[in-house]
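Engineer: got a sequence here, can you build the structure:
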Amino acid sequence: MPDSIQAHAAEQIRYIRDTMSRATEFTALPGWGGVAMGVTAVATAIVSGPPDNSLRWIGLWLADAFTAAAIGLATMARKARRSGTPLLSAAPAYRFALGYVPPLVAGIVLTPVFATLDLIARLPGCWLLLYGTALASGGVNSVRLVPVMGVCFMAPAVVAFAAPAAWGHWMLATGFGGLHIVFGFVIARRYGG
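Structural biologist: Here you go, the predicted structure:
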């Protein structure tokens, strides 16, 4: 009889932990990392200039995307470690990734499609729209500010599609640069770095 009581108690504790894990938000988003990603995007916009259907232009922005991803992952891991939250095994991080990753994969697939169709000049709208969608959908499992940030990324995406193609790098600077810097500061101040 004592073994069944102990097994029942262990099962109840497991249930409570799972319930609490599902109810928590993903808060390991790196505010200062977002600021750093914004700074690299502004620098890339200045160096790249307007979209010109060249591999140089697309290469600069892809290099910045890899740099931003490295900054984001490193600062997210550092923030999680400082707070004592396991990053990879946490259910909130997993749920965030389930919403965040698919739009990014769509961007990875669409980038060479746009490039082969000589639509590189329209990639800024595509990238901003899909990144905004990634933040909005992944942010459902995060702090309320993240989906708002995602919707804000969609605004320069619309402008990038509607405006002359030469404005593309300024829309990327506005979104990946300015919005990352502004929201990064807010996240850093409100949610611990």
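Engineer: name the residues of the helix or strand where Gly99 lies that come out as buried.
Structural biologist: Assigning secondary structure by DSSP states H and E places Gly99 in helix 91-116. For helix 91-116, a neighbour-count test (16 or more other CB atoms under 10 Å) marks Ala91, Pro92, Ala93, Arg95, Phe96, Gly99, Tyr100, Pro103, Leu104, Gly107, Thr111, Phe114 as buried. Heads up, the C-betas are built off the backbone N, CA and C, glycines and all.
Engineer: which residues does the helix or strand following it contact?
Structural biologist: For helix 91-116, the following helix or strand on the C-terminal side (DSSP H and E) is helix 123-138. Residues from elsewhere that reach helix 123-138 (CB atoms under 8 Å, 6 or more residues apart in numbering): 26, 51, 58, 61, 96-104, 106-107, 110-111, 114-115, 146-147, 149-154, 156-158, 160-161, 168-169, 171-172, 175-176.
Engineer: ditto for stretch 40-56
Structural biologist: Here stretch 40-56 has contacts from 57, 60-61, 63-64, 67-68, 71, 118, 120-124, 165-170, 172-173, 175-178, 180-181, using CB under 8 Å, 6+ apart.
Engineer: just the buried ones from those residues, in ChimeraX syntax?
Structural biologist: Of the contacts of stretch 40-56, the buried ones can be selected in ChimeraX as follows, counting by 16+ other CB under 10 Å:
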select :57,60,61,64,67,68,71,120,121,122,123,124,165,167,168,169,170,172,173,175,176,177,178,180,181
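Engineer: looking at the contacts of stretch 40-56, which are in strands?
Structural biologist: Using DSSP state E to define strands, no part of the contacts of stretch 40-56 is located there.
Engineer: can you report phi and psi for Ser142?
Structural biologist: phi -130, psi -170 (degrees, to the nearest 10).
Engineer: lowest average confidence, helix or strand, in this structure?
Structural biologist: Across the helices and strands of the chain, the lowest-confidence element by mean pLDDT, DSSP states H and E is helix 2-23, at a mean of 61.
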